[in-house]
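**Student:** Task: produce atomic coordinates for the following.
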Amino acid sequence: MNKISSDQLKIRQAYPLDLKVQLSANRIRQWYQHFNGQVYVSFSGGKDSTVLLDLVRRQYPEVPAVFVNTGQEYSEIIRFVKSVDNVIWVKPKMTFWEVVDKYGWPVVSKEQSCAISRYRNTKDPVQKYRRLNGWPNGKKGMISKKWQYLIDAPFKISDKCCDILKKEPMDRYAKESGRRPISGIMSNESRQRQMGYLKYGCNAFGVKKPMSKPLSFWTEDDIWGEIKKGNLPYSDIYNKGELRTGCKYCMFGCHMEEEPNRFQRMRKRTPGQFENLRRHGGCDVLDVLRVSYETPKLLF
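**Tutor:** Numbering: from 1, shown residues only. You can find the predicted model right below:
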């Protein structure tokens with residue numbers, strides 16, 4: 001397995017779109033042939049997986065898409081997924097609210113939620129010290145100084161939401177079907193995803209849970225460029241101001257959004273959903289995060 005350097009990734013991200021399409025098609029073909037066609041597309045109904053599904057089905061029209069209905073998708077996503085052929089729907093074993101009650105809220109980022117949760121749930125003074133100050137070989141797993149005040153937040157915090165609501169149902173489907181996933185993940189979406197690409201490339205064959213990520217070196221501009229070029233249908237949630245199409249109540253990254261943020265838009269567009277968030281204590285969480293959900297004179 002040849003590791004990829006950061007410079008190589010930057011070069012690939014600068015490739016023209018037509019070349020990226022060719023390279024991604026080749027990665028898809030390698031994956032399909034390696035597993036004798038026993039593959040599937042991890043389909044969220046968002047723009048990235050919509051492009052991925054099109055690329056896969058240009059070569060292999062019979063490949064199924066698998067959609068996890070967490071109960072937290074936007075209604076526009078549900079409608080769009082229903083319009084796509086050969087989609088298998090799967091469900092998690094817990095609801096979002098059950099996960100929040102048992103483990104905690106997904107706040108700031110997956111890495112920070114994990115670090116805060118582990119700090120709170122260990123009695124080891126060395127671990128606590130390192131969560132605040134870093135390890136001898138780096139700061140990975142450390143709570144950022146900006147967010148250390150959340151250690152004393154009056155609610156649970158956890159990174160388990162995605163694992164329980166999305167990864168577990170997909171892993172269950174893969175195990176039961178014997179098929180291997182193709183995902184629309186891009187390396188520029190997070191540090192963790194970039195490190196995964198640098199280590200394994202697009203196709204991770206020799207790992208515990210093999211996965212193909214043929215769009216790893218694409219950018220968001222590439223996605224929209226391919227949608228425009230191919231005149232691909234996509235969910236109209238993007239025409240209503242949403243930039244992300246994950247779970248409605250997820251708080252990862254909401255502190256970085258310009259106003260109107262996702263919760264201000266929710267309060268304006270779907271007040272019933274916002275009141276549901278309030279009833280479950282979500283507004284108290286947003287208050288602690290210093291994320292506004294008020295909507296006076298916002299531009300809608």
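
**Student:** what about stretch 71-86, start to end distance?
**Tutor:** Counting by CA to CA, to the nearest Å, you get 20 Å between the two ends of stretch 71-86.

**Student:** Show me what counts as buried in stretch 192-199.
**Tutor:** Gln194, Gly196, Tyr197, Leu198 (16 or more other CB atoms under 10 Å). To be clear about C-beta, it is placed using only N, CA and C from the backbone, and glycine gets the same treatment.

**Student:** Hmm, I typed the wrong one, I wanted stretch 37-51.
**Tutor:** 39-51.

**Student:** returning to that earlier point: take the buried residues of stretch 192-199 and keep only those in helices.
**Tutor:** Gln194, Gly196, Tyr197, Leu198 (DSSP state H).

**Student:** Among those, which one sits closest to Lys145?
**Tutor:** Checking these against Lys145 by CB to CB gives Gln194 as the nearest, at 23.0 Å.

**Student:** Next, the contact list for the closest one, please.
**Tutor:** With contacts defined as CB atoms under 8 Å, 6 or more residues apart in numbering, Gln194 is in contact with Leu9, Ser187, Asn188.

**Student:** From those, list just the buried residues.
**Tutor:** Here, 16+ other CB under 10 Å leaves Leu9, Ser187 buried among the contacts of Gln194.

**Student:** Including pLDDT, distance to Gly282 and secondary structure, could the buried residues of stretch 37-51 go into CSV?
**Tutor:** Formatted as CSV, these follow (pLDDT from 0 to 100; distance: CB to CB, whole Å; DSSP: H, G, I helix; E, B strand; the rest coil):
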residue, pLDDT, distance to Gly282, secondary structure
Val39, 98, 37, strand
Tyr40, 98, 33, strand
Val41, 98, 32, strand
Ser42, 98, 27, strand
Phe43, 98, 27, coil
Ser44, 97, 22, coil
Gly45, 97, 23, coil
Gly46, 97, 22, coil
Lys47, 97, 26, helix
Asp48, 97, 26, helix
Ser49, 98, 27, helix
Thr50, 98, 29, helix
Val51, 98, 32, helix
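
**Student:** Switch those residues over to a markdown table; also include distance to Pro136.
**Tutor:** Shown next, in a markdown table, are the buried residues of stretch 37-51 (distance: CB to CB, whole Å):
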| residue | distance to Pro136 |
| --- | --- |
| Val39 | 42 |
| Tyr40 | 42 |
| Val41 | 42 |
| Ser42 | 37 |
| Phe43 | 42 |
| Ser44 | 39 |
| Gly45 | 44 |
| Gly46 | 40 |
| Lys47 | 42 |
| Asp48 | 37 |
| Ser49 | 40 |
| Thr50 | 44 |
| Val51 | 42 |
